[in-house]
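Student: Got a predicted model here, sequence first, then my questions.
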Amino acid sequence: MLEFDSQFALYDVTPVANCFIRDYLPGTDGEKVKVYLYGLMCCMHPQPDLTLAGIAAALQMEEREVLDAFRHWEFMGLVQRVSDNPLLFRYVHPIWRSLPEGAVEIDRASQAFMEDLYAAFGGQRDLTGAEKRKAWEWVEEDGFPTEVVLVLVKHLVATRGLNFPFGGKEALRLVELLRAEQVKTVEGALEVLGREQEIEEGAAAVLRRFRQRRHLPSQDEIDLYRKWRRDWGFSRDDILAACAETTKGAPNFGYLDGVLKGIHERGGAVGQDREENDLVREMLHALGAKNVSINDGTRAIYRQMTELYPHEVVLLAARECSAKGRGVDDVLDGLERWKKRGLQDIGEIRRFIDEYNAQSALLKKLAEIWGKPVPTSQANRAFLEKWQRELGMDEALILHCAAFAQGAEKNMPYLDRLLVSFAGQGVRTAEAADEANAAWKRKQGGGGKTVSAQQYEQRDYSGETEDLPDWVMKRWKEMQQNGQ
């Protein structure tokens, strides 16, 4: 029901206890005394809108300096910090502190530690009571020297920023690491935390390689980088080199983890993996496969290919498959078929490809003559090999004689019997073939066109196996079984 008229506050007097002047003022710098006295005046004449900034302005000081002063008086026991948000200090009368019941033992070591702790933040962060208690627990309960705790805090400021949480995952992990390594000296702390800082900086370098603008990596990203360095043994250069493999979509630590995991499980090195990727990429380019990604699957298929033939042969097979619109699996299938044929080097393979393509072209020409498809089957290719290698017929003569087989139900077997007959008669030219054909017609009574299976003399190969190679007989039997 009673109060002072606030307009007369300037005419009032702020009492200062003599014990403050005697016991606390000596050894305290003037700036801290200024703050104490101004605060004491404000306690006598409260201002509802008083703030830290208002006190700083009134005293022509920085807010940081004002807060440091209140911390000092808090350590001395003359001020109690009641609340952090909003900031609230409660003054304790120095006379009561001088009485036995109000006396407090001022821990000079704790006071010095707290002042150094604030200094570690460069005056840019205020600490709550809980944060100060956590820092002091590291000294009292974990047994670290105050110097080691200060090194830890400075490390956290440098790597996690000014506002790192004292009770956060990273702070507690580092405390556990220091405890596990029984660190008791500044030198030991610098060594352990230096290794950790290398992890932080390496993870940040990966972010820069990914062109991500975040200044600091997340805790999960740091943990992944630590695994790559400590558990898997990759160097920083290895990890940064592997970033080149994360070119699909938005690069990230998860994708990079998969890349490095594959290398680690294969027991290879990043350089070797990159070299293999370049070879796989060259094979896919030769195949014309634009939408096939390089992953564990494509690398595994490529290794199967190179177990059969060198890289240059793989490229040759890829180009052949590209011309036919085939895929990666067809490249491997083609290489396996070449190996089964006993083809040894790229020279033999090129000759085989030339012959194979020439046979395909010849079968296409036969189809045009007969007006119907002629399969590019192994059986039909066996016929061509027989006519050209065993009978000595050239392509021009084969095509010329193909007209005689037009209209036959099974053109290839019919032409085979005809060419075998001509070879027995020594026919080697188109003219001789025409004469042999005309002579047969005269023998049949001339005139009509006959293309039955009995038109030319049939041969029973079962009794003449000594005259034909085994491979010809085998293919001939296969054709009979297939109804050709």
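Tutor: Looks like it came in fine. Numbering: from 1, shown residues only.

Student: And the strands in the protein, which stretches?
Tutor: 79-83, 88-91 (DSSP state E).

Student: Which of those comes out lowest on mean pLDDT?
Tutor: Comparing mean pLDDT over the strands of the chain, the weakest stretch is strand 79-83, at a mean of 86.

Student: Please compute how far it lies from its chain's middle.
Tutor: Relative to its chain's centre, strand 79-83 lies at 52 Å (Cα atoms, centre = their mean, to the nearest Å).

Student: Ok, stretch 360-376 next?
Tutor: The answer for stretch 360-376 is 51 Å, by Cα atoms, centre = their mean.

Student: hmm, who's touching that stretch?
Tutor: Stretch 360-376 is contacted by residues 359, 380-381, 384, 395, 398-399, 402-403, 405-406, 411-412, 415 when judged by Cβ atoms under 8 Å, 6 or more residues apart in numbering. For the C-beta atoms, the positions are set from N, CA and C on the backbone; glycine is no exception.

Student: contacts for stretch 38-54?
Tutor: Contacts of stretch 38-54 (Cβ under 8 Å, 6+ apart): 4, 6, 9, 12, 14, 16, 55, 58-59, 63, 66-67, 70, 79, 87, 89, 91.

Student: contacting residues for His400?
Tutor: Per Cβ under 8 Å, 6+ apart, neighbours of His400: Ala430, Ala433.

Student: repeat for Glu385
Tutor: Contacts of Glu385 by Cβ under 8 Å, 6+ apart are Gln359.

Student: Now do the same for the spatially most central residue of the chain: its pLDDT.
Tutor: Centroid-nearest residue in the chain: Leu256, 2.4 Å away (criterion: Cα atoms, centre = their mean). As predicted, Leu256 sits at a pLDDT of 86.

Student: With Leu190 instead?
Tutor: With respect to pLDDT, Leu190 has a value of 90.

Student: and it, how many neighbours does it have?
Tutor: Look at Leu190: counted by other Cβ atoms under 10 Å, it has 15 neighbours.

Student: wait, isn't it in contact with Val151?
Tutor: Yes. If you go by Cβ atoms under 8 Å, Leu190 and Val151 touch, sitting 6.3 Å apart.

Student: quick one, domains of the protein?
Tutor: Here the domain parsing of the chain from automatic domain parsing is 6-106, 269-342, 370-481.

Student: so which of those gets nearest Ala120?
Tutor: Nearest to Ala120 among the domains of the chain is domain 6-106 (13.1 Å), distances taken as Cβ to Cβ.

Student: quick one: which of the contacts of stretch 38-54 sit in helices?
Tutor: Ile55, Ala58, Leu59, Glu63, Val66, Leu67, Phe70 (DSSP state H).

Student: Which one of the residues you listed sits in the busiest neighbourhood?
Tutor: Going by other Cβ under 10 Å, Val66 tops these with 24 neighbours.

Student: Hmm, Ile55 and that residue touching each other?
Tutor: Yes. Applying Cβ under 8 Å, one finds Val66 in contact with Ile55, separated by 5.3 Å.

Student: anything in contact with each of these two?
Tutor: The contact sets of Val66 and Ile55 overlap at Val35 (Cβ under 8 Å, 6+ apart).

Student: In CSV, list the contacts of stretch 360-376 along with neighbour count, pLDDT and distance to Arg303.
Tutor: Output for the contacts of stretch 360-376, formatted as CSV (neighbours: other Cβ atoms under 10 Å; pLDDT from 0 to 100; distance: Cβ to Cβ, whole Å):
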residue, neighbour count, pLDDT, distance to Arg303
Gln359, 19, 91, 32
Asn380, 21, 92, 35
Arg381, 18, 90, 31
Leu384, 20, 93, 36
Glu395, 15, 92, 41
Ile398, 19, 92, 43
Leu399, 16, 93, 45
Ala402, 23, 92, 46
Ala403, 14, 92, 51
Ala405, 22, 88, 48
Gln406, 14, 86, 50
Asn411, 22, 91, 44
Met412, 22, 92, 41
Leu415, 23, 91, 45
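
Student: Looking at these, which are in helices?
Tutor: Gln359, Asn380, Arg381, Leu384, Glu395, Ile398, Leu399, Ala402, Asn411, Met412, Leu415.

Student: Report the contact partners of the last one.
Tutor: What that stands for is Leu415. Leu366, Phe383, Ile398, Cys401, Ala402, Phe404, Ala405, Ala408.

Student: ok, now with 6 Å
Tutor: Shown in contact with Leu415 (Cβ atoms under 6 Å, 6 or more residues apart in numbering): Ala402, Ala405.

Student: Now do the closest residue to Ala205 other than its chain neighbours: how many residues are near it, please.
Tutor: Once flanking residues are discounted, Ala205 sits nearest to Leu240: 6.4 Å by Cβ to Cβ, 6 or more residues apart in numbering. By the criterion of other Cβ under 10 Å, Leu240 has 17 neighbours.

Student: Ok, Arg303 next?
Tutor: Arg303 has 12 nearby residues by other Cβ under 10 Å.

Student: One more: Gly27?
Tutor: 6.

Student: Name the residues of stretch 386-396 that come out as buried.
Tutor: By 16 or more other Cβ atoms under 10 Å, the buried positions in stretch 386-396 come out as Lys386, Trp387, Gln388, Glu390, Leu391, Met393.

Student: With stretch 176-185 instead?
Tutor: Leu178, Val183.

Student: go on, stretch 417-424?
Tutor: For stretch 417-424, by 16+ other Cβ under 10 Å, it's Arg417, Leu418, Leu419, Val420, Ser421, Phe422.

Student: Please render the residues you listed as TSV that adds distance to Asp434 and pLDDT to the earlier fields.
Tutor: Listed next are those as TSV, based on distance: Cβ to Cβ, whole Å; pLDDT from 0 to 100:
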residue	distance to Asp434	pLDDT
Arg417	18	90
Leu418	13	88
Leu419	14	92
Val420	18	91
Ser421	14	89
Phe422	11	90
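
Student: any weak-confidence spans in the stretch 51-200 of the chain?
Tutor: Applying pLDDT under 70 to the stretch 51-200 of the chain flags the ranges 100-108, 129.

Student: The same query, at a cut-off of 80, please.
Tutor: Applying pLDDT under 80 to the stretch 51-200 of the chain flags the ranges 75-76, 84, 96-111, 123, 126-130, 132-133, 140-141, 200.

Student: burial measure for the nearest residue to Thr14 once chain neighbours are set aside, as a count.
Tutor: Using Cβ to Cβ, 6+ apart and skipping residues adjacent in sequence, the residue nearest Thr14 is Met41, 4.4 Å away. Number of residues near Met41 (other Cβ under 10 Å) recorded here: 17.

Student: Could you do Cys243 as well?
Tutor: 18.

Student: likewise the one 10 residues further on?
Tutor: Using other Cβ under 10 Å as the criterion, Phe253 is surrounded by 22 other residues.

Student: Mind putting the strands of the chain into TSV with distance to Asp330 and mean neighbour count?
Tutor: As requested, the strands of the chain are exported to TSV (distance: least, Cβ to Cβ, whole Å; neighbours: other Cβ atoms under 10 Å):
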stretch	distance to Asp330	mean neighbour count
strand 79-83	76	14
strand 88-91	79	14
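
Student: Export those as JSON lines, with columns for distance to Asn437.
Tutor: Converted to JSON lines, these look like this (distance: least, Cβ to Cβ, whole Å):
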{"stretch": "strand 79-83", "distance to Asn437": "117"}
{"stretch": "strand 88-91", "distance to Asn437": "120"}
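
Student: Out of those strands, the one nearest Ile21 is which?
Tutor: strand 88-91 (15.7 Å).
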